[in-house]
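[1] No sequence on hand, only this structure:
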């Protein structure tokens, strides 16, 4: 039910916020699964790209459809290496949907929304060289929201969060901040 709520709410929000390309991930076990919603985008003409571990770190590859996948050296599903590498185009509006282990609101000292990742720093390095036109949203379930997180200086802020039900705070519905 949480995945379905997230997909539905994200779809409604997306209709009023036009993006040319959506950067997304193939979910790990226990993560929110946006693939059902993403599959509707690929049919609707929105460009999709998924991350791969490349020689230079994280790179995104165009996918005309959801799957097939291969496993990277860390055992994570990623697009086939035969898929073309995504390169941002001037004027492109890009939405990056990034999962995390935890999320928190920003503070006066650290504006923006904060994300606790899995410790590899791949998304933080990608966001530190953020292409123009990119909006980065974290997503997950309500139980992943915390008042604050243990952050490192290299951790990059997000522009927004979309969290579904899963805690006393978020018993029902989906909450979107931006």
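    Perfect, I can see it now. Computed from a prediction, not measured in an experiment: that's the story for all the values here.
[2] quick one, strands of the chain?
    In the chain, the segments counted as strands under DSSP state E are 21-23, 47-54, 57-63, 69-71, 77-79, 94-99, 102-104, 114-116, 134-141, 160-164, 175-177.
[3] what about the spatially closest residue to residue 3 that is not a sequence neighbour, distance to residue 10?
    Leaving aside its chain neighbours, residue 3 sits nearest to residue 33 (4.8 Å; criterion: Cβ to Cβ, 6 or more residues apart in numbering). In short, each C-beta sits where N, CA and C put it, glycine included. Residue 33 sits 12 Å away from residue 10, going by Cβ to Cβ, to the nearest Å.
[4] and those two? which has more neighbours close in?
    Using other Cβ atoms under 10 Å, the more surrounded residue of residue 33 and residue 10 is residue 10, with 23 against 18.
[5] Would you mind listing the buried residues in the longest helix along the chain?
    Ranked by number of residues, the top helix in the chain under DSSP state H is helix 2-15. Buried positions in helix 2-15, judged by neighbour count with 16 or more other Cβ atoms under 10 Å: 2, 3, 5, 6, 7, 9, 10, 13, 14.
[6] List the contacts of residue 130.
    The neighbourhood of residue 130, defined by Cβ atoms under 8 Å, 6 or more residues apart in numbering, consists of 136, 156.
[7] sorry, that was for residue 157
    Listed by Cβ under 8 Å, 6+ apart, the contact partners of residue 157 are 106, 110, 111, 112, 113, 114.
[8] Please report which of those residues has the highest neighbour count.
    Busiest of the contacts of residue 157 [other Cβ under 10 Å] is residue 114, holding 24 neighbours.
[9] and the residue nearest to it when sequence neighbours are not counted, how far is that from residue 92?
    Take residue 114 and drop its neighbours on the chain: the residue closest to it by Cβ to Cβ, 6+ apart is residue 104, 4.6 Å away. To residue 92, residue 104 is 29 Å away according to Cβ to Cβ.
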